[in-house]
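Q: Here is my input, please return the structure:
(2 chains, ligands or ions: 2)
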Amino acid sequence: MSEETDTLQDLADQKYKYGFVSEIESDFAPKGLNEDVIRFISAKKDEPDWLLQYRLDAYRRWLTLEEPTWAKLDYPKIDFQDAYYYAAPKSDSDKPKSIDDVDPELLRVYEKLGIPLHEQEVLAGVEQRKVAVDAVFDSVSVVTTFKEELGKVGVIFCPISEALKTHPELVKQYLGTVVPASDNFYATLNAAVFSEGSFVYIPPGVRCPMELSTYFRINAAKSGQFERTLIIADKGSYVSYLEGCTAPQRDENQLHAAVVELIAMEDAEIKYSTVQNWYPGDENGKGGIYNFVTKRGDCRGDRSKISWTQVETGSAITWKYPSCVLRGDNSVGEFYSIAIANNYQQADTGTKMLHLGKNTSSRIISKGISAGKAQNTYRGLVSIHAKADGARNFTQCDSLLLGDQCGAHTVPYIQSRNPKAILEHEATTSKISDDQLFYCLSRGIPTEEAVALIVNGFCREVLQQLPMEFAVEAQKLVGISLEGSVG
Amino acid sequence: MLEIKDLHVNVFGKEILKGLSLTVPPGEVHAIMGPNGAGKSTTSYTLAGRAGYEVTGGEIDFYGEDVTALSPEERAAKGIFLAFQYPMEIPGVSTMNFLKTAMNAQAKLRNEPELDAAQFLRTVRAAAKELNISEDMLKRPLNVGFSGGEKKRNETLQMALLKPKLAILDEMDSGLDIDALKLVAEGVNKLRAPDRSFLVITHYQRLLDYIVPDVIHILAGGKIVMSGDKSLALQLEENGYDAVINKAA
Ligand SMILES: Nc1ncnc2c1ncn2[C@@H]1O[C@H](COP(=O)(O)OP(=O)(O)O)[C@@H](O)[C@H]1O
Ligand SMILES: [Mg+2]
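A: Numbers count the residues shown, from 1 in each chain, chains lettered A, B, ... in the order given. Ligands and ions are numbered 1, 2, ... in the order given. So this is what the prediction gives:
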């Protein structure tokens, strides 16, 4: 596609500015899913035998599973044979590469997305703070920046396919230990066909010297993306990681089924932020990404901490419950979420906090915004095991409705086997009132800006959790996602 | 210069203003007084352009331009400011952020450059100090948990920063004790200027002891029934609305 048609498409849909399609020649696995396709993927990645076996076992198990239907989501049955499970730019050679080896066409895509792949570049508007980037395009990683600099302090940050070659023992030791291949329908599917994602290892006592981030881009038509991310923070280490995602605007739905596993050892802390901006479909509900994601963090060591922050603005369907297993004594789990559903988007998202260790504490702050004809559900579980003396949870779920054709639902599950646990739950539902809106207008603030301002205020506690590098972008995204939602 | 000519306004299908006419020249302070339900707030909302306040007849001329078809934000950019009887709370949005958004939005509508960050801070701090508004209050979410006095001081602060040509004060005195009232009135008086006019709307004459008007209008039954100098307020205070209005009729 020429630059001109790109521009036209950009103009046609200002609201989703990442909706452009890039004409990149790709290699595909044969369409559909069977053992041969899995062997194809594994061979493409030149994987060890144990991993092929892991995939095949998962696939055989997946064949016996049914899609979960308990979420408040309504969509036509997915034909899993009508998709490509592997798509990679032809120019991609399979070895680790430097930026100079990357196809200039691909570089242009990232330039358009505003993602810095040159180490001397910095994110727009941010002074002198480095952010390492792993750029995943369909089923492969294009490039990973700052690997050398990170390597000096022992931090490993690379595509998982590369880690399988350079640190096979680490991957083998941890892969599937937080989200087992048998976990659920989509996690099992992911275990069978996963293609790319990032691998992070922070050695004991190291504070990762920069933000790490992975940008996922689905480009090829009719292809699914099956991201697999594994982050290990060894004793006393710290890392802040951000995941971003975009996809072209297409009329058909595309599947994204990711698995993310986090492991925090003694005294370690992982801060995982997501700005999810997959194509949400058009205003009539046509197209958009189906996002079925299993994210779980294991606070394996005492006094460890895992904090999830998510800003979910994209996707036609979001099915996502980033969770924490609070195994270590005195470990801490946090979940901060903004979920925006506009037009015909449907979001069913929340978290699970499983308190196993003593004095474990968790905090859940969920902000759901519904507009248009969207449905937005918070679904969360707080589970306190018998031995979790001194466990405590605080949950706050706030819903904001724009208009009267959308829905907000709060479904909190609480299971406590320890009578001494302290559990607090607060929930509110509100609307942007005409009074508030008029107050802003009368000060000269136009409607869309006023809505963005009020919604950003509503989300403030969560936005504050984002790394500074991404907070501004996220605030803008909140405004853009709601454009046209108030008359 | 504000010229309201034979204004008819329907609110939810009911005619509330029935031929209101009023002229406020630049630099003057006019008061509108009237009993509860007379249409005072309706007048202020209509001037500010609130949706649902349907102008069925007459016009509102502002410096020679009929503004009845303009949106509220366009009117704001032209210099019409309404200090609300009940200022709205906006959770999570700091007062500082709100002020900046409003000032930049108006600059944009007027094709003027936005203020740079340092200049903005200096301007806000100076204006806040005049009104005894603390740095802490500027950081708190707009009007959330503010006392009555704080809310009205905040309205005055917004007025000071947005520098309107016409400021409409709707029941500025409601919910204020005497000290808070004095502070707000002092703030307003400092903003009096030859190119700025005020429309002070109030039920009680008390406010007019502190913000002394050039002209007082009495609004009843959806129109101005009587206008006069500040002694009119004292007559109202002594004899009550009914007596004064009946005498006028
Ligand atoms: N939103 C509304 N819906 C219906 N009637 C209204 C509404 N707002 C005001 N009114 C009516 O309009 C009249 C004037 O009200 P208002 O302008 O608030 O009077 P004032 O400010 O002088 O007390 C009253 O009779 C009131 O009941
Ligand atoms: Mg009133």
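Q: Might you list the low-confidence residue ranges for the chain?
A: Picked chain A for this. Scanning chain A with the threshold set as pLDDT under 70 gives A:1-15, A:91-97, A:120-129, A:487.
Q: hmm, I had chain B in mind actually
A: For chain B, the stretches with pLDDT under 70 are B:248-249.
Q: residue closest to the middle of it?
A: Nearest to the geometric centre of chain B sits residue B:168, at 2.0 Å (Cα atoms, centre = their mean).
Q: Spatially nearest residue to residue A:310, not counting backbone neighbours?
A: Among residues not flanking residue A:310 along the chain, residue A:274 sits closest, at 4.4 Å (Cβ to Cβ, 6 or more residues apart in numbering or on different chains). In short, each C-beta sits where N, CA and C put it, glycine included.
Q: Correct me if wrong, but that neighbour is in a strand.
A: Yes - under DSSP: H, G, I helix; E, B strand; the rest coil, residue A:274 falls within a strand.
Q: ok, it - contacts?
A: Counting by Cβ atoms under 8 Å, 6 or more residues apart in numbering or on different chains, residue A:274 touches A:242-245, A:308-312, A:322.
Q: in a helix, that's where the residue nearest to the centre of chain B is, yeah?
A: No - checked against three-state DSSP, residue B:168 lies outside a helix; its state is strand.
Q: From residue B:197, how far out is it?
A: Noted for residue B:168: a distance of 10 Å to residue B:197, by Cβ to Cβ, to the nearest Å.
Q: next one: residue A:278
A: 53 Å.
Q: ranges for the strands of chain B?
A: B:2-11, B:14-24, B:29-33, B:53-62, B:65-66, B:80-83, B:90-94, B:141-142, B:166-170, B:197-202, B:215-220, B:223-228 (DSSP state E).
Q: May I see those strands arranged in CSV, with distance to ligand 2 as well?
A: As requested, the strands of chain B are arranged in CSV below (distance: least, Cβ to the ion, whole Å):
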stretch, distance to ligand 2
strand B:2-11, 12
strand B:14-24, 11
strand B:29-33, 10
strand B:53-62, 13
strand B:65-66, 25
strand B:80-83, 12
strand B:90-94, 21
strand B:141-142, 21
strand B:166-170, 6
strand B:197-202, 7
strand B:215-220, 11
strand B:223-228, 16
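Q: before we move on, the earlier item: quickly list what the residue nearest to residue A:310 is bridged to.
A: residue A:243, residue A:310 (DSSP bridges).
Q: gap between it and residue A:312?
A: 7 Å.
Q: give me the number of residues near residue 99?
A: All of this refers to chain A. If you count neighbours by other Cβ atoms under 10 Å in any protein chain shown, residue A:99 ends up with 13.
Q: My question was about chain B, not that one.
A: Neighbours of residue B:99 (other Cβ under 10 Å): 23.
Q: my read: it touches residue B:125, true?
A: No - contact between residue B:99 and residue B:125 fails when scored by Cβ atoms under 8 Å: they sit 11.1 Å apart.
Q: Report how many residues lie close to the nearest residue to residue B:182 once chain neighbours are set aside.
A: In space, and not counting its chain neighbours, residue B:182 is closest to residue B:210: 6.3 Å by Cβ to Cβ, 6+ apart. Close neighbours of residue B:210, defined as other Cβ under 10 Å, add up to 17.
Q: Give the buried residues for stretch B:230-246.
A: Neighbour counts over stretch B:230-246 (16 or more other Cβ atoms under 10 Å in any protein chain shown) mark B:230, B:232-233, B:235-236, B:241, B:244-245 as buried.
Q: which of the residues you listed lies closest to residue B:118?
A: Within the buried residues of stretch B:230-246, the smallest distance to residue B:118 is 43.1 Å, found for residue B:230 (Cβ to Cβ).
Q: check contacts around the closest one.
A: Residues in contact with residue B:230 (Cβ under 8 Å, 6+ apart) are B:208, B:212-213, B:216.
Q: May I ask which of the residues you listed has the most neighbours?
A: Comparing those by number of neighbours (other Cβ under 10 Å), residue B:216 comes first, having 25 neighbours.
Q: My guess is that residue contacts residue B:234. True?
A: No - counting by Cβ under 8 Å, residue B:216 sits too far from residue B:234 to count as a contact (9.9 Å).
Q: Between strand B:29-33 and the longest helix anywhere in chain B, find me the angle.
A: Identified as the longest helix of chain B according to DSSP state H is helix B:231-248. Put simply, helix B:231-248 runs at 40 degrees to strand B:29-33, going by axes from the mean of the first three to the mean of the last three Cα atoms, to 10 degrees.
Q: Helix B:231-248 near ligand 1 at all?
A: No - residues of helix B:231-248 are not located near ligand 1 by Cβ under 6 Å from any ligand atom, the shortest gap being 11.2 Å.
Q: which helices and strands does that helix pack with?
A: Secondary-structure packing of helix B:231-248 (3 or more Cβ pairs under 8 Å, 6 or more residues apart in numbering or on different chains; DSSP states H and E): strand B:29-33, strand B:215-220, strand B:223-228.
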